[in-house]
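In: Build me a structure from this.
(3 chains)
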Amino acid sequence: MRMTKIGRGFLVAAALLFVLPFAGFAQSGEIVLKWPCIWVGKDSKAPAIAEIVDNFNKANAGKIRVEIEPSNDYNAYEQKVRTAIMAGVAPGDIFTLKLNASTKEFYSSNLLMDFSKDLTGEWKNSFDQGALQQSIIGGKLKTLPIETAVLPIWYNGDLLKKAGVSKIPQTIDELWTAMDKLKAAGIYPSSQMSGDTNAWTSMIWFSWFATSFGGPDVWDKPFTDKAFVESAKLMKRLFNDYTTPDAIGASAGVSGGHFLAGRTAIFSNGPWYAGRADLRATSFFPSIVIAPVPPAGPHKNIIISRLQANIAAGETKDKARHDAIITFLKYLTSKNNMAKLAESSGSMLAVNSGYVPTDPLQKQFYDLVGKGYQTANDLEAALGAEATLEFTQQLSALALGKITPEQFCSLVEKKIDR
Amino acid sequence: MWIVLIFFLVVSLLPFVWLIMNSFRTNYELETAPLGLPSRLSFENYKSAIATANLPRLFLNSVLVSVGAVLLNIAVASLASFVFARETFKGRDTILTIITAGVLIPIISFMVPYFTMITRTHLYDTLTSLILVYAAINLPVSVSLITAFMKSIPKELEEAAIIDGCGFNARFTKIILPLARSGLATSATFCFIYAWNEFVMAMLFTSSESSRTLQLGIRFFTSQFITDYTGMFAAIVLSMLPTVLLYVFLHNKIISGLTAGAVKG
Amino acid sequence: MKRHNANRYWIALYLVPIVVLFGAFFVYPLFFNIYTSFMKWKGSSEMTWNNFANYSKLFSDDTFLLAIKNNVIWALSQGFIQVPLAALIALMLAREPKGWRVMRTVYFLPNVISTVAIAMVWVALYNPQYGFINAILKLFGGEPRNWLGDPSTALAAIILTTVIYVGYFMIIILAAVMDIPKELYEAAQIDGASTLQQELRITLPMVRGTMVTCMTLAMAYGMRHFESTWLMTGGGPAYSTTTMGIMLYLKMDALRYGEASAAGIVLIVLGSVVIVAIRKIMGNKDPMAEAAQ
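Out: This is a model prediction of the structure:
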């Protein structure tokens, strides 16, 4: 009878499935730490992380084992972390997250381990103190900073030369002149985008403008402040006069694609982009120059920098487990391992590993940070997801002239959670 | 009439042609000239797709999940649809409306409760969790379709069977179920496709490789800030291949077989 | 009737599996969402009572109201453009022209692959500089446009990419059409009825129930639409393509889970209202079943 066939089929399938998931029992006494990890696959940190974890497991065989669970899709990973925490479950024993105005809400959950007691002495001092301060919220330290990112603009030196721009613009007027020259030479001056959820490359430009108009703490001011309105005017100019026709609604892939293909001369992104194989393969790679956006306003010598990745751990009452996690984190953030990570990935880390890059492009980033400028947050890190989204969406309207810069600013102001 | 048919043919084939073409190109080629032809057939993407993601294991997992979900879904839905379509009882229409209203639900809003359920019942990181979820999610559509098909079977056939001595269960298995085969096959197809292509829940409820599905493997080619589009296309083409082949050969046979046997009146 | 009394036990038994599965995966989460829509629920699993604050925040947000409007447009487009188109194709194929089996397979093919693939293809086709659409337009002397980047065209552009893929509804309607007894057509043929008349007088009335089911499904999909818009424009530009589903997702992204739940509830309630209203207008009878009684 058909019904029994279906029933049988289902039972067989169900039986198979209950048996299948058993993969690898932990040896008795061995503590297994699960790490749903995004630094896998083609991510620039993948090789170093794999090696570090491997070495750790070998050194602690039988006692502690860290298991990396590859999570390749960053958005899906973020979703999983969110969902798990909201459902009252830690996403893993170890996991990373981007600490910003939205995710700082996680600190109110008791699922995350507080590192305040364990982070002492030499271990504490090895961290960049600024980054550490940024990671303390409400007196608690529930994540440790791992990766920081300075967000400069990138010049394609070859294209600049082609357009007759002989030196990197130091003032805002020199920047406009350079862009005009590029335009005259048939090159799109800059990559802009108003797509995705954060208009990434354009958001960076805006952050530079805003902090030069209003200082590094400009984000505490209402968004209707003159600093923001002036910055919005400049963004409109960039979109209307100095970028590609598909900038409105463009995603990060499109914006980066134009730069990689040598269609735009000025780009903006973080240090991890330097580790990309396709960037290194371009003909203009040796000519890339990293620089701050020339100050548009009175505040100078500020660089835009943010916490890019923090690491967190699932809270546990089991002392052995707790210690195992701390042991691993200490190992991961040790100077040797951090130097290894910095070298192979191009990422900038929040631990002072004494690493000095030999790769010229990487070195430019370190030199920029080494100048000792005052750091300021970018818009997304400072204002959180909802305000950033509003910024992104309305940026299209602003660029198209459907709203004025003042209207743009008041719309974003509405979405800021104060 | 032919203009219309040809137009839709082109529109339907376009995604495939584009995907296949671009899976043979490099990312650079794609970004510089999205609609160009491959300068040379590069199998790099395919090689890396098969090598890096352990696709065969993931493929097997996807098959298990999809088939399991379909079996569960069709079994549960047809039992219920029989009762909705051929019997009357108090509250029948209310329950049916509630179930079909399930199509309206935006499933993403259920992620937290699903996650809670799955972790509390210790089904986290198992293929079983996906089978249950996929089978359940497709119930509203399956029930709508199968009920509609079962409703249109003439009463005389059933009545004749009863006179011949058929009981409740026999009416279901011998008369109604066979005659609603088109509805069952259609629902099964939809459920299979949904389960096969689904990504969000698979990501949410699994973590280790033993329970990973093919769609998660495809995402292997994207990571923070880096998107290997052409590599992803190759993986998509590979994951499409079995469904498309299965569909082209099996489904056609099933539908042909069904419609040939529709005897009425 | 005696039959009904004896069968009550069986009826209940047949309903047990679906009640369990549906209850666990639909009813429980729905109540969970209703409950949490009244809560302030942000970065952890703790919640505090918030009355109707989430709802009033949603309804005073212009973007949300725009999203509702967009969803209604989606629902009507899918229900009244996509389904009739599907029916048209189904009717043509039912006549079994040359190669119809191949065509049936091909039309459904896009539904077999994931939405991600289709969305990416169309993003490329719509590209203002290298896209296929603009290239064809230029050939005919038209003006190239940034289809997905212009608030006045973006929504229509995305809706188009869903509505032309009729395979899903086509095979449902086709299966129903092919269930119609051939004798009816033969009789009409003898009576001298043209193809068009046959379709209007025989086919359409007979598949009316299926059509209404399809339109209901299509409208439901329209009301909860999320995926292809998310992949193609993320809800922009300037929120012109945002739907309630997208707003829900964005709220979750911003860790405003209480508001997300509220958005979900509004979606379900509104969707039900729209669908019930349309169904009442269209009538709910299945002539095939009636004729067969």
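In: From now on I want contacts and neighbour counts done on CA atoms only, so please keep to that.
Out: OK.
In: Buried ones in stretch A:338-356, by neighbour count?
Out: Across stretch A:338-356, burial judged by 16 or more other C-alpha atoms under 10 Å in any protein chain shown covers A:338-353, A:355.
In: Show the pLDDT at residue 14.
Out: No chain was given, so I picked chain A. On pLDDT, A:A14 comes in at 52.
In: try chain C instead
Out: pLDDT at C:Y14 comes out at 88.
In: can you pull the contacts of it?
Out: By C-alpha atoms under 8 Å, 6 or more residues apart in numbering or on different chains, the contact set of C:Y14 is B:79-80, B:83.
In: thinking again about what came up before, of the buried residues of stretch A:338-356, which belong to strands?
Out: The strands, defined by DSSP state E, take in A:348-349 from the buried residues of stretch A:338-356.
In: Could you tell me which of the buried residues of stretch A:338-356 are located in helices?
Out: Counting by DSSP state H, those place A:338-345 in helices.
In: For B:S142, which non-adjacent residue is closest in space?
Out: Distances taken as C-alpha to C-alpha, 6 or more residues apart in numbering or on different chains place B:S187 nearest to B:S142, at 5.2 Å, with adjacent residues excluded.
In: is it true that the one you found touches B:I146?
Out: Yes - with contact defined as C-alpha atoms under 8 Å, B:S187 reaches B:I146; the gap is 7.4 Å.
In: Looking at those two, which is more packed in?
Out: B:I146 (28 against 25; other C-alpha atoms under 10 Å in any protein chain shown).
In: how much space is there between that one and chain A?
Out: Distance from B:I146 to chain A, counting by C-alpha to the nearest C-alpha, to the nearest Å: 16 Å.
In: Over to B:V17?
Out: The value you get for B:V17 to chain A, if C-alpha to the nearest C-alpha is used, is 22 Å.
In: do C:I89 as well
Out: The value you get for C:I89 to chain A, if C-alpha to the nearest C-alpha is used, is 33 Å.
In: Find the helix or strand that that residue is a member of.
Out: C:I89 is part of helix C:83-94 when elements are defined by DSSP states H and E.
In: Identify all contacting residues around that helix.
Out: So helix C:83-94 is in contact with B:1, B:5, C:100, C:104, C:166-167, C:169-171, C:173-174, C:177-178, C:199, C:211, C:214-215, C:218, going by C-alpha under 8 Å, 6+ apart.
In: What subset of those residues is buried?
Out: Buried among the contacts of helix C:83-94 by 16+ other C-alpha under 10 Å: B:5, C:104, C:166-167, C:169-171, C:173-174, C:177-178, C:199, C:211, C:214-215, C:218.
In: Please identify which pair of these lies farthest apart.
Out: Distance extremes for the buried ones among the contacts of helix C:83-94: the farthest pair is C:E199 and C:A218 at 22.6 Å, using C-alpha to C-alpha.
In: Nearest spatial neighbour of the residue of the stretch 151-293 of chain C found nearest chain A, chain-adjacent residues omitted?
Out: Residue nearest to chain A within the stretch 151-293 of chain C (C-alpha to the nearest C-alpha): C:A238, separated by 4.3 Å. With C-alpha to C-alpha, 6+ apart as the criterion, C:A238 has its nearest non-adjacent residue at 4.3 Å, and that residue is A:Q393.
In: List the contacts of that neighbour.
Out: A:194-195, C:236-239.
In: give me that answer again for 10 Å
Out: Counting by C-alpha atoms under 10 Å, 6 or more residues apart in numbering or on different chains, A:Q393 touches A:194-199, A:248-249, A:387, A:408, A:412, C:234-240.
In: quick one: the helix or strand containing C:M215 to helix C:83-94, angle?
Out: Using DSSP H and E, C:M215 sits in helix C:208-223. Helix C:208-223 and helix C:83-94 meet at an angle of 140 degrees, taking axes from the mean of the first three to the mean of the last three C-alpha atoms, to 10 degrees as the criterion.
In: that older thread, now distance to A:P286 too, for the contacts of C:Y14, in TSV please.
Out: Output for these, formatted as TSV (distance: C-alpha to C-alpha, whole Å):
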residue	distance to A:P286
B:L79	68
B:A80	68
B:V83	73
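In: and chain C, which of those residues contact it?
Out: Among those, the residues lying close to chain C (C-alpha under 10 Å from any C-alpha of the partner chain) are B:79-80, B:83.
In: Least confident of the buried ones among the contacts of helix C:83-94?
Out: C:E199 (75).
In: dump the residue contacts of that one.
Out: Applying C-alpha under 10 Å, 6+ apart, the residues near C:E199 are C:91-92, C:185, C:193, C:205-206.
In: and these, which are buried?
Out: C:91-92, C:185, C:206.
In: Would you agree C:G235 falls within a helix?
Out: No - counting by DSSP: H, G, I helix; E, B strand; the rest coil, C:G235 is not part of a helix but coil.
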